[in-house]
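Show me how the following folds:
(2 chains)
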Amino acid sequence: KQEVTQIPAALSVPEGENLVLNCSFTDSAIYNLQWFRQDPGKGLTSLLLIQSSQREQTSGRLNASLDKSSGRSTLYIAASQPGDSATYLCAISPTGFQKLVFGTGTRLLVSP
Amino acid sequence: NAGVTQTPKFQVLKTGQSMTLQCAQDMNHEYMSWYRQDPGMGLRLIHYSVGAGITDQGEVPNGYNVSRSTTEDFPLRLLSAAPSQTSVYFCASSYGDRDYYGYTFGSGTRLTVV
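Residues are numbered from 1 along each chain as shown, chains lettered A, B, ... in the order given. Down below sits the predicted model:
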């Protein structure tokens, strides 16, 4: 059974810092990996999706990497801002785009 | 606005009652799914559908039923509500191949069973 773990569970940083969120998974046979953002009381917003054949994806200040052989992904956030405060979720798609296996998330607080 | 619409946003049920959580999407996505989110456990898949008339169980299907008679709608039925079903429920629609893909989540239904 695929299990997804995210470390740390919570992170507090001052504005402007670069930071890394970690995601690990137990089964390397994945179809793709996604990073989502969730604001309190809201749904999920997709940030980046990495296909199994890719090593990284970038969008603005966000960069996500994937190492299938070691079962790890990282989300790098450059020059953090208070507006980045949210919970970040990592999710694995085992077989396609039908369903996801989620990690428990990292709650990020960026202070002005 | 295009997207996934969930109703209701909040609901309180008594133990043993039944109800249906509604989910509708207007993006013609082939895949739809239901997740529940509990503190400390992340989102867990309840049921999913790969097209009209086709559904399958996820990780935590017990106590829930689904059907998909149209591409647009994917309701989740609680047969006999239990306090353990107190949770936030999210519906998602998705589509994809290696070049074109997308996930859209609804804003959630917060359910309390007393």
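
which SSE is the most centrally placed residue in chain B in?
Geometric centre of chain B, nearest residue: residue B:34, 2.8 Å, by Cα atoms, centre = their mean. Per DSSP states H and E: residue B:34 is located in strand B:31-38.

Which strands border the very next helix or strand once past that strand, and is each parallel or antiparallel?
Next along the chain after strand B:31-38, taking DSSP H and E as the criterion, comes strand B:42-51. Partners of strand B:42-51 in the sheet, by DSSP bridges, are strand B:31-38 (antiparallel), strand B:54-57 (antiparallel).

would you list these in CSV and tack on distance to residue A:41 and mean pLDDT?
Any C-beta I mention is one placed from the backbone N, CA and C, and that applies to glycine too. What follows is these, written out as CSV (distance: least, Cβ to Cβ, whole Å; pLDDT from 0 to 100):
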stretch, distance to residue A:41, mean pLDDT
strand B:31-38, 11, 97
strand B:54-57, 28, 96
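
Single out the most deeply packed of those.
Most buried of those by mean neighbour count (mean count of other Cβ atoms under 10 Å in any protein chain shown) is strand B:31-38; its value is a mean of 23.

Give me the spatial nearest neighbour of the residue nearest to the centre of chain B, chain neighbours excluded.
Residue nearest to residue B:34 in three dimensions, not counting chain neighbours: residue B:46, with 4.4 Å by Cβ to Cβ, 6 or more residues apart in numbering or on different chains.

got the residues of chain B near chain A?
B:4, B:31, B:33, B:35, B:40-45, B:48, B:50, B:58, B:90, B:92, B:94-96, B:98, B:101-103, B:105-108 (Cβ under 8 Å from any Cβ of the partner chain).

One more pass at 6 Å, please.
B:31, B:33, B:42-43, B:45, B:48, B:50, B:94, B:96, B:101, B:103, B:105-108 (Cβ under 6 Å from any Cβ of the partner chain).
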